[in-house]
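> task: produce atomic coordinates for the following.
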Amino acid sequence: MSHRVSAVLAFAVACTIALPVSGQSAYPNRAIRMVAPFAPGGATDFIARLVSQKLAERLRQQVVVDNRSGAGGNIGFEIVVRAAPDGYTLMIASSSYATNAALTPRLAFDPIKDVTAISLVGVSPLVLVVHPSVAARSIAELVALAKAQPGRLKYGSSGTGASPHLAGELFKASAGIDLLHVPYKGSGPALIDTLSGQIDMTFISMLVVRSHINAGRLRLLGVGTPQRVKALPDVPAIAETLPGFQTTSWYVVMGPARMPSALVARLNAEVNAVVSSAEVAERLAGDAVEPRMVSPEEAARHVAAEITRLRTVAQRAGVRIE
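Predicted structure coming up:
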């Protein structure tokens, strides 16, 4: 672990001595709800369950995952935004949080001011997988196939406005092809229909498709990072065929706005301890997720920067949600 990460953890742990907050009984004294804004079976759900399990062990209190899918994650986001800022309602926000903020002109909440960023869990590429029946074994072959059959190939996403949707539209714009978008209420349902051949392809996290790729039920064509990733050295970056293409996913623990600073520091310390543990770090790295341990301020800056970046990407790709 680097000196910088060690310093972040040491500072956060030191801040926990300020709890309990405002004379309240020691936190936590009841179950914590961890909202996962997408259906079970997807990457956000996986991260929520992994973090919640280990967080419960550290806090010695139950942390319950609550899947609230719909509206590209906005249903779950709004539950957390409207919750009391007492640390008993949290969420795992993925890059779809920033995508929605970048694409949706009239959100029911302010994506920066109405939340508290607690800690960044990790960053990973979205990967492009196709059903084995698709006659393409490379990105170049897939582009050629789509050009020969405009509008016939279908790609699924975890919802309109979610990161895989933007990835698909960016892919279309970069390659100059026409694909049919099929939105679902999470990457889990999109994966099920890709496995069955109901749709041809999807952009998705390696967290939920590695076993299917290894078993030959899906074909992996490329990763969305600008360069190849260490965990998948033989898999080309999509940018090798479509220069400038980039689509990644990240996961941030968030809570409502106006959470007490001591409570935020306590949760930041606990989440960072979970992510930096050998067991969790190894599990994440095995699925091409790079663990991150940062301060709440760094997590907030990351989310804000991603909203700005994705807004630019969406404008260039001509993507907008009414």
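
> pop out the phi and psi values for residue 281.
phi -60, psi -40 (degrees, to the nearest 10).

> low-confidence ranges, the chain, go.
Applying pLDDT under 70 to the chain flags residues 1-25, 320-322.

> the residue most central in space within it bridge partners, please.
Nearest to the mean C-alpha position of the chain, counting by Cα atoms, centre = their mean, stands residue 94 at 2.9 Å. Beta-bridge pairing for residue 94 (DSSP bridges): residue 251.

> isn't it right up against residue 163?
Yes: under the criterion of Cβ atoms under 8 Å, residue 94 makes contact with residue 163 at 6.8 Å. C-betas here are computed from N, CA, C, even on glycine.

> now do the shared contacts for these two.
Counting by Cβ atoms under 8 Å, 6 or more residues apart in numbering, the common neighbours of residue 94 and residue 163 are residue 249.

> partners of the longest strand that the chain contains, with directions?
As assigned by DSSP state E, the longest strand anywhere in the chain is strand 115-130. Using DSSP bridges, the strands paired with strand 115-130 are strand 201-205 (antiparallel), strand 219-223 (antiparallel), strand 248-256 (antiparallel), strand 290-291 (antiparallel).

> can you lay out those strands as JSON lines showing mean neighbour count and distance to residue 47?
Putting those into JSON lines (neighbours: other Cβ atoms under 10 Å; distance: least, Cβ to Cβ, whole Å) gives the following:
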{"stretch": "strand 201-205", "mean neighbour count": "28", "distance to residue 47": "9"}
{"stretch": "strand 219-223", "mean neighbour count": "22", "distance to residue 47": "18"}
{"stretch": "strand 248-256", "mean neighbour count": "25", "distance to residue 47": "5"}
{"stretch": "strand 290-291", "mean neighbour count": "18", "distance to residue 47": "11"}
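
> export those to TSV and append columns for distance to residue 133.
Formatted as TSV, these follow (distance: least, Cβ to Cβ, whole Å):
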stretch	distance to residue 133
strand 201-205	11
strand 219-223	10
strand 248-256	26
strand 290-291	33
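
> to residue 129, which of those strands lies closest?
Among the strands paired with strand 115-130, strand 219-223 comes nearest to residue 129, with 5.4 Å by Cβ to Cβ.

> before we move on, the earlier item: so which of the strands paired with strand 115-130 comes closest to residue 309?
Of all the strands paired with strand 115-130, strand 248-256 sits nearest to residue 309, with 10.2 Å by Cβ to Cβ.

> and the closest one, how far out from the chain middle?
Chain-centre distance of strand 248-256: 7 Å, with Cα atoms, centre = their mean, to the nearest Å.

> go on, stretch 241-260?
How far stretch 241-260 lies from its chain's middle: 6 Å, per Cα atoms, centre = their mean.
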